[in-house]
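Colleague: Model the following, please.
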Amino acid sequence: MRNLGQALPRMDSRESQRGYSRQWETKRRIPQRQTSSSHLSVRTESSNATSQGQGQSSPVLLVGALQTELDSPTRNMSAIDSYIVKIYAACLESRKEAAKFVTAGLVPVLIHILKTRAANGLGVEIVLITLGTIAHDSISSNIIWRTNTTITLIELAKSPVSEISVLSIWCLNQICRSAEIAQGLIKSSDIVSVLQNWIATGDMHLASMAVYCVGTLIQNDNIAEFFAAVDMVPLLVGHLRKMTENPQPNADHISAGLFGIARMSRSIKLAKSLTKAGCVELISHHLNKSTDPDILNWSARAVGCLMRPNSSDMARALLDAGVARGLARLPTVLHSENLQALGSLGFTVQRFSCAEWSGKIRQFLVDAGVVDSLLAALRTAAEEPCHDVQIELALAICLLGDVGGSAIRKELVNAGAITILKDIGNRNPEVAKAADLAKASIVGNIWSRNTASAKTTMMHNWNGGCPEYHPPCPVHMQVL
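Modeller: Have a look, this model is predicted:
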């Protein structure tokens, strides 16, 4: 294995360290949910003036100024940092603004600075934070990938400096937005062993970011099977157990474990391995006890991801662990601004319906109040512009109406399901399609019910089931 100094370019002599004083500091991200605009705080008079005039500098001009300073014979690291801070603050405003900097050619410039500074680690954090911030789509991530910058990031991920290593893993997470990049990273580097090491031995922040990265790397079934072959399953479940048993639990760290398990469960075989490692009891615990919207979202999603068609044994194991009660409580503990967990509720009910719809399972869900909660969730979602959540809930009702029997169809009608479905169907074409299928499965004849159920099953996301998630930057940057 190459040393950092051998693997990366050495510090350019022109970028002198003489007189270099950081104009910024970093600190761990506070676990509470924040908006991105709170990540940067400007405190000095000169910085405030810069911030006020920031809107007058176009991305092209800022990137050009940064490039000019890099080309200067008297390259000044502090001046370079000041330009990067301005760019970072602008990119935080919106993804559209970040895209303008990508178009202006910022990515190659940041990559050059990163490779230059990585040799001695001086001033690396500010570059990593900015690089990860602009790697928000497939265009920027492909540019970073095709310039072999990931080699530098993986070497930096091995750094004993916690902030550098966690930021490097976060950048790798941001870059991995396709199966091509994920497979390339795994085949051409030792990223898997690096992530395994940090999950097993890193502090909570570092281990959780490594788990998020593992989940993001799982872009297809082959990668999931590969991770299972290198003993990633016990590491993921062990991480969730460790975070669950922590005397001071952190919602972000627990969510990372749940997300990793949901992404890993892409087949009946993998679901059984995860269950054998002890994930079901942990997921059920959080689903029944937590009030954090992210934990509830990922735990509900993980329940659904553990099931596949004709996986009756898994469905019964989940119900025996008490997940039905946890699913039923979701509408009562979520606020209107945090409704993604309701989408996961709909997704999971669909999976239960396809796993096995026996009398026992139906009775479990009815007794736990899942059917009532599904309608309550749809009423709540109908008041908000969350079309993806409305679609998932409508499709869940569709499957309930078909395979649930006449008793549940009558219950759905009496509870006003048709009125709610008509209401949400008037707001969006895609929602209307799902709502029409649900209405057909409730009040239609046997042929229309079967047709609606078949279409719903075809519309369901069987390719994994857990959406990608790119966590926010784990470190705040503050200008001094």
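Colleague: Let's test this: mean pLDDT of the helix or strand where V107 lies, rounded?
Modeller: Mapping V107 onto the secondary structure by DSSP states H and E places it in helix 106-117. Mean pLDDT, computed over helix 106-117, is 93.
Colleague: Any idea how far it is from the middle of the chain?
Modeller: Taking CA atoms, centre = their mean, to the nearest Å, one finds helix 106-117 lying 26 Å from the centre of the chain it belongs to.
Colleague: what's the neighbour count on H460?
Modeller: 19 (other CB atoms under 10 Å). In this view, the C-beta of every residue, glycine as well, is placed from N, C-alpha and C.
Colleague: check contacts around it.
Modeller: 350, 354, 395 (CB atoms under 8 Å, 6 or more residues apart in numbering).
Colleague: now do I87
Modeller: I87 neighbours (CB under 8 Å, 6+ apart): 59, 62-63, 66, 101, 106, 130.
Colleague: Of the residues you listed, which is the nearest to K158?
Modeller: T130 (21.3 Å; CB to CB).
Colleague: Who are the contact partners of that closest one?
Modeller: Taking CB under 8 Å, 6+ apart, we find T130 in contact with 84, 87-88, 91, 110.
Colleague: looking at this, it is in a helix?
Modeller: Yes: using DSSP: H, G, I helix; E, B strand; the rest coil, the secondary structure at T130 is a helix.
Colleague: Give me the pLDDT for it.
Modeller: On the pLDDT scale, T130 is placed at 94.
Colleague: Quick check: the gap between it and E356.
Modeller: 50 Å (CB to CB, to the nearest Å).
Colleague: in the stretch 1-150 of the chain, which spans are strands?
Modeller: 24-28 (DSSP state E, counting those that start in this stretch).
Colleague: which sections of it are below the confidence cut-off?
Modeller: 1-56 (pLDDT under 70).
Colleague: And the helices in it, which stretches?
Modeller: 4-7, 45-52, 59-71, 77-93, 95-103, 106-117, 124-134, 138-146, 149-157 (DSSP state H, counting those that start in this stretch).
Colleague: same deal with the stretch 201-350 of the chain?
Modeller: Going by DSSP H, counting those that start in this stretch, the stretch 201-350 of the chain shows helices at 204-217, 221-229, 232-245, 251-264, 268-276, 279-289, 293-305, 312-320, 323-328, 330-333, 340-355.
Colleague: and the angle from the first one to helix 232-245?
Modeller: I take that to be helix 204-217. 140 degrees (axes from the mean of the first three to the mean of the last three CA atoms, to 10 degrees).
Colleague: Remind me what helix 204-217 packs against, helices and strands.
Modeller: In terms of contacts (3 or more CB pairs under 8 Å, 6 or more residues apart in numbering; DSSP states H and E), helix 204-217 is packed against helix 162-175, helix 179-188, helix 191-201, helix 221-229, helix 232-245, helix 251-264.
Colleague: Relative to N297, which of these is closest?
Modeller: Between the helices and strands packed on helix 204-217, helix 251-264 lies closest to N297; by CB to CB that is 8.0 Å.
Colleague: Can you report how many residues lie near the closest residue to A135 other than its chain neighbours?
Modeller: Using CB to CB, 6 or more residues apart in numbering and skipping the chain neighbours, the partner closest in space to A135 is Q174 (4.1 Å). Using other CB under 10 Å, Q174 has 24 other residues around it.
Colleague: any idea how far the residue lying closest to L62 once chain neighbours are set aside lies from H112?
Modeller: In this structure, L62 finds its nearest non-sequential neighbour in I87, 5.5 Å apart by CB to CB, 6+ apart. Going from I87 to H112 by CB to CB gives 14 Å.
Colleague: F101 is in contact with P59, isn't it?
Modeller: Yes: with contact defined as CB atoms under 8 Å, F101 reaches P59; the gap is 4.5 Å.
Colleague: So for the closest residue to S189 other than its chain neighbours, what's the pLDDT?
Modeller: Nearest residue to S189 in three dimensions, chain neighbours excluded: I154, at 5.1 Å (CB to CB, 6+ apart). pLDDT, I154: 95.
Colleague: before we move on, back to that, can you lay out the helices and strands packed on helix 204-217 as CSV showing mean pLDDT and distance to A118?
Modeller: Conversion of the helices and strands packed on helix 204-217 to CSV gives the following (pLDDT from 0 to 100; distance: least, CB to CB, whole Å):
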stretch, mean pLDDT, distance to A118
helix 162-175, 95, 9
helix 179-188, 94, 18
helix 191-201, 96, 15
helix 221-229, 97, 27
helix 232-245, 97, 28
helix 251-264, 97, 26
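Colleague: Including distance to G416, could those helices go into JSON lines?
Modeller: As requested, these are exported to JSON lines (distance: least, CB to CB, whole Å):
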{"stretch": "helix 162-175", "distance to G416": "43"}
{"stretch": "helix 179-188", "distance to G416": "43"}
{"stretch": "helix 191-201", "distance to G416": "47"}
{"stretch": "helix 221-229", "distance to G416": "41"}
{"stretch": "helix 232-245", "distance to G416": "38"}
{"stretch": "helix 251-264", "distance to G416": "32"}
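Colleague: how close does the residue in the chain sticking out farthest from the centre get to L66?
Modeller: The outermost residue of the chain relative to its centre, with distances by CA atoms, centre = their mean, is P73 at 42.8 Å. To L66, P73 is 16 Å away according to CB to CB.
Colleague: Same check on G401?
Modeller: Taking CB to CB, one finds G401 at 59 Å from L66.
Colleague: Show me which of those two is the more surrounded one.
Modeller: Taking neighbours as other CB under 10 Å, G401 and L66 compare with G401 leading, 27 against 23.
Colleague: So which bits of stretch 197-213 are buried?
Modeller: Residues of stretch 197-213 classed as buried: 197-199, 202, 204-213 (neighbour count, 16 or more other CB atoms under 10 Å).
Colleague: cool, and stretch 281-289?
Modeller: Within stretch 281-289, judged by 16+ other CB under 10 Å, the buried ones are 282-288.
Colleague: Turn those residues into TSV, including pLDDT and distance to L258.
Modeller: TSV is the format used below for the buried residues of stretch 281-289 (pLDDT from 0 to 100; distance: CB to CB, whole Å):
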residue	pLDDT	distance to L258
L282	98	8
I283	98	7
S284	97	11
H285	97	11
H286	97	7
L287	97	9
N288	96	14
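Colleague: Now tabulate the residues you listed in CSV and tack on distance to P234.
Modeller: Listed next are the buried residues of stretch 281-289 as CSV, based on distance: CB to CB, whole Å:
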residue, distance to P234
L282, 13
I283, 16
S284, 19
H285, 18
H286, 19
L287, 22
N288, 24
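Colleague: Kindly indicate which of these lies nearest C305.
Modeller: Of all those, I283 has the smallest distance to C305: 10.0 Å, by CB to CB.
Colleague: List the contacts of the closest one.
Modeller: I283 touches 258, 261, 299, 302-303, 321, 323, counting by CB under 8 Å, 6+ apart.
Colleague: Repeat that for R409.
Modeller: 401, 441-443.
Colleague: show me where pLDDT drops low in the stretch 301-450 of the chain?
Modeller: For the stretch 301-450 of the chain, applying pLDDT under 70 flags the ranges 357-359, 403-404.
Colleague: Once you drop chain neighbours, what's closest to D388?
Modeller: In space, D388 is closest to G343, 5.9 Å off (CB to CB, 6+ apart).
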